[in-house]
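# turn this into a model:
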Amino acid sequence: MNDVAIILLGGKRGGFALVDAEDFPALNQFKWTKHPAGYLHATILESGKWRTVRMHRQILNAPAGIGIDHRNHCQHDNTRRNLRVATTRQNSSNRLKWKTPTSSRFKGVSWDDAEGKWRARIRVNYRGINLGRFRDEAQAARAYNEAARKQHGEFASLNPV
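This next block holds a predicted model:
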């Protein structure tokens with residue numbers, strides 16, 4: 001297991017980032033801050049030009065067009081074990097449930113007034129797929145989890161049931 005180091009963040013938001021100890025010297029020479037969208041970034045002078053880089057992309061040296069996903073959804077955890085290359089679609093599959101109030105506490109589950117049951121749905125290739133209606137909310141969440149594992153594999157963001 002790799003040793004972990006902490007980089008203190010500057011700016012109004014403050015905080016810290018977790019990185020592998022081997023990456024610390026290269027990263028700690030820059031002033032990292034938290035962007036309002038949540039990711040960590042710094043302005044770096046490269047070949048006489050200033051450019052903004054995101055910490056997770058800097059660590060994996062990802063070229064433009066290649067996405068990076070945080071396995072545990074925490075953008076402050078930039079250890080290599082938490083980062084992986086991902087397409088936009090895979091990264092979207094790994095998203096958590098929206099924080100806005102909904103009828104269910106689970107991702108992919110909503111209350112169907114007309115049927116008086118919980119409905120499970122999943123989105124695949126930009127299309128919604130109905131997984132069924134259930135009397136129990138947790139049962140609907142398990143149906144979503146099963147479909148998510150099948151459709152999204154290791155990138156599936158599962159409900160805690």
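# ok, then the element right after the lowest-mean-pLDDT helix or strand in the chain?
Using mean pLDDT, DSSP states H and E, helix 88-93 stands out as the lowest-scoring helix or strand of the chain, at a mean of 81. Using DSSP states H and E, the helix or strand that follows helix 88-93 in sequence is strand 109-112.
# against which helices or strands is that following strand packed?
When contacts are defined as 3 or more C-beta pairs under 8 Å, 6 or more residues apart in numbering; DSSP states H and E, strand 109-112 packs onto strand 117-124, helix 137-152. Heads up, the C-betas are built off the backbone N, CA and C, glycines and all.
# let's see it at 10 Å
strand 117-124, strand 127-134, helix 137-152 (3 or more C-beta pairs under 10 Å, 6 or more residues apart in numbering; DSSP states H and E).
# can you lay out the ones you listed as CSV showing mean pLDDT and distance to T52?
Below are the helices and strands packed on strand 109-112 laid out as CSV (pLDDT from 0 to 100; distance: least, C-beta to C-beta, whole Å):
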stretch, mean pLDDT, distance to T52
strand 117-124, 94, 31
strand 127-134, 94, 35
helix 137-152, 94, 30
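# R105: which of the ones you listed is closest?
helix 137-152 (7.5 Å; C-beta to C-beta).
# N130 pairs with what?
R121 (DSSP bridges).
# mind listing what it touches?
Residues counted as contacts of N130 (C-beta atoms under 10 Å, 6 or more residues apart in numbering) are R119, A120, R121, I122.
# ok, and the most crowded of these?
Tallying neighbours with other C-beta atoms under 10 Å puts A120 at the head of the contacts of N130, with 28 neighbours.
# just checking, that residue touches F106?
Yes. Shown here, A120 and F106 form a contact pair, counting by C-beta atoms under 10 Å, at 8.6 Å.
# which residues are common contacts for those two?
By C-beta under 10 Å, 6+ apart, A120 and F106 have these common neighbours: E137, A140, A141, R142, Y144, N145, N159.
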